[in-house]
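# the following comprises the amino acid sequence and a computationally predicted model.
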Amino acid sequence: SRERSDRYNRLILTDLCPSSKDMHSTTFSRRDVLHLLGIGTLGIGVGCGQTPESTLTELPAAGSQPAASVQFPDGAIIRAILEDFPPEALGSGATLFHEHLSLNVAFWETLLGGDAEALAQRLSGAPPSYFMEHFDLILEEVRAAGEEGIACIVDGGHADMGRDIDFLRRLSQASGLPIVASGGYYLQPFYPAEIADQDEEEIADALVRDAQEERWGAFGEIGSSAEMTPGERKMLGAVGRAHLQTGIPIFTHTANGSEALTQFDILEGLGIDPAHFVIGHLGSLPDPRVEVHTAVAARGAFVGFDRLARGPEADAIKVEMITAMLDAGYVDQVLLASDFSSAEHLKRNGGAGYAKTVTQFVPMLREAGVDDETIRTMTVDNPRRFLAFVPRA
């Protein structure tokens, strides 16, 4: 109705954006706001309407405080690209643990192996460069995500994927949204030539130096092929050693779930607490019995459902797997994200944008009977628990 539409517009312009001069003029409850936005009790991100001069510590965490049951170690921080902050500072907004904000054409040319049709689809809307090379466009999309309930985005790129660290820094400054930068190496075809002659310790030492210089808050996405190569095994070991030196958490890339348990064995074999890593892309392993998923969760690691909101049919399968995980008692091990990479999903192009995990996929979970407390655990609490670490000397 027009009345409902007017009410929605007033809420967006006043209650959700602290910069509005009329922000205290309404009496609607926070629950009114959230249900009008269609995101249940998730809360609103901290980036709405902020100016480039805003700092993360000045941004109010809108909504309720974190649940009392969520505990973080003494001294734990989340390392965003602009500054470190306590995990509680994200309030009740959703954190997307694996997205992409900065990639380039060369990455896709290598990944797609010369498939001109697939490359053209990826470049749709921004030829001849990739849309993630257009700062104003991505800034517009990130600001929109903040207005739709996103409190923090983890960028899963690194140098061998064309990620521009300064691009991410400027993006966080201009949007006011915390961005966690990641680092490492992707798959063996992307490794620089010198990696072949380096051992795990040498690679790890370089990763530690780069992590400090560029303020990485995660190692990721660290990949292995459908059949893990010796070079990828060495790289995963090097990343694990870098984690042991720094405390920085890890998230991986699997070929639709292949080698998931091998990745786990390598990392755990180094003495890493599984609570500090995510085995990624397990949502792309279609198994209603979730045997691999529950095996990973039972051993203490996070399970990444990080290719969400890519179509009703694919999402329906993932809803079934997630509900099976929940029924098995592993709500604390599930992480959600979209691994954003396609121009067709941009809001400018009529898509749902970077917030599509909470605006498109979460409603499907709710329709399947998942309650708001459980949704909050997966979208708010679990990613903060994953990202939080105590820095090591």
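Received it, and whenever you're ready, just let me know what you need.

# and stretch 326-336, how far apart are its ends?
Start-to-end span of stretch 326-336 (CA to CA, to the nearest Å) is 13 Å.

# pull out the buried residues from it.
Of the residues in stretch 326-336, 326, 330, 331, 333, 334, 335, 336 count as buried by neighbour count, 16 or more other CB atoms under 10 Å. (Each C-beta comes from the backbone N, C-alpha and C, glycine too.)

# keep only those of those residues that are in helices.
Using DSSP state H, the members of the buried residues of stretch 326-336 that fall in helices are residue 326.

# what is the nearest of the buried residues of stretch 326-336 to residue 370?
Closest approach between the buried residues of stretch 326-336 and residue 370, by CB to CB: residue 326, at 6.8 Å.

# so who does the closest residue to residue 156 other than its chain neighbours touch?
Distances taken as CB to CB, 6 or more residues apart in numbering put residue 221 closest to residue 156, at 4.3 Å, once the chain neighbours are dropped. By CB atoms under 8 Å, 6 or more residues apart in numbering, the contact list for residue 221 reads 98, 156, 182, 184, 186, 251, 252, 253, 280.

# tell me the contacts of the fifth one?
The contact partners of residue 186, by CB under 8 Å, 6+ apart, come to 158, 160, 161, 221, 222, 223, 253.

# using the three-state scheme, assign it.
Classification of residue 186 into helix, strand or coil gives coil, according to DSSP: H, G, I helix; E, B strand; the rest coil.

# nearest spatial neighbour of it, skipping sequence neighbours?
Closest to residue 186 by CB to CB, 6+ apart is residue 223, at 4.9 Å.

# for the one you found, phi and psi?
Backbone dihedrals for residue 223, given as degrees, to the nearest 10, come out at phi -110, psi 160.

# isn't it right up against residue 252?
Yes: contact status for residue 223 versus residue 252: in contact at 6.9 Å, counting by CB atoms under 8 Å.

# between the two, who's got more neighbours?
Taking neighbours as other CB atoms under 10 Å, residue 223 and residue 252 compare with residue 252 leading, 28 against 25.

# the most centrally placed residue in the chain sits in which helix or strand?
Nearest to the mean C-alpha position of the chain, by CA atoms, centre = their mean, lies residue 97 at 2.2 Å. Assigned by DSSP states H and E, residue 97 belongs to strand 94-99.

# list the buried residues of the very next helix or strand once past that strand.
Using DSSP H and E, the helix or strand that directly follows strand 94-99 along the chain is helix 105-112. Within helix 105-112, the residues that qualify as buried are 105, 107, 108, 110, 111, counting by 16+ other CB under 10 Å.

# and the helix or strand that comes right after helix 105-112, what other elements does it pack with?
Sequence-wise, the next helix or strand downstream of helix 105-112 (DSSP H and E) is helix 116-122. Secondary-structure packing of helix 116-122 (3 or more CB pairs under 8 Å, 6 or more residues apart in numbering; DSSP states H and E): helix 105-112.

# with just CA atoms, put the helix it packs on into CSV.
Below are the C-alpha coordinates for helix 105-112, written out as CSV (Å, rounded to 0.1, in the frame of the first residue of the first chain):
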residue,chain,number,x,y,z
VAL,A,105,40.4,-9.2,-16.4
ALA,A,106,43.7,-11.1,-16.3
PHE,A,107,42.4,-13.3,-13.5
TRP,A,108,39.4,-14.3,-15.5
GLU,A,109,41.4,-14.9,-18.6
THR,A,110,43.6,-17.4,-16.8
LEU,A,111,40.8,-19.0,-14.8
LEU,A,112,38.5,-19.5,-17.8
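
# and stretch 144-159, end to end?
End-to-end distance of stretch 144-159: 26 Å, with CA to CA as the criterion.

# may I see the buried residues of that stretch?
For stretch 144-159, using 16+ other CB under 10 Å, the buried residues are 144-159.

# which of those fall in strands?
Among these, DSSP state E puts 150, 151, 152, 153, 154, 155 in strands.

# can you give me the neighbour number for residue 349?
Residue neighbour count, defined by other CB under 10 Å, stands at 14 for residue 349.

# related to what we said a few turns ago, so after the helix or strand hosting the residue nearest to residue 156, what's the next helix or strand?
Mapping residue 221 onto the secondary structure by DSSP H and E places it in strand 216-223. Moving toward the C-terminus from strand 216-223, the first helix or strand encountered (DSSP H and E) is helix 230-246.

# dump that following helix to CSV, keeping only the CA atoms.
The C-alpha coordinates for helix 230-246 follow below in CSV (Å, rounded to 0.1, in the frame of the first residue of the first chain):
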residue,chain,number,x,y,z
PRO,A,230,52.1,-31.0,-4.9
GLY,A,231,52.5,-27.2,-5.2
GLU,A,232,49.0,-26.6,-3.7
ARG,A,233,49.8,-28.9,-0.9
LYS,A,234,53.0,-27.0,-0.2
MET,A,235,51.1,-23.7,-0.4
LEU,A,236,48.4,-24.8,2.1
GLY,A,237,51.2,-25.9,4.4
ALA,A,238,52.9,-22.5,4.1
VAL,A,239,49.7,-20.7,4.8
GLY,A,240,49.2,-22.9,7.9
ARG,A,241,52.7,-22.0,9.1
ALA,A,242,51.9,-18.3,8.5
HIS,A,243,48.8,-18.6,10.6
LEU,A,244,50.8,-20.2,13.4
GLN,A,245,53.1,-17.1,13.4
THR,A,246,50.3,-14.5,13.3
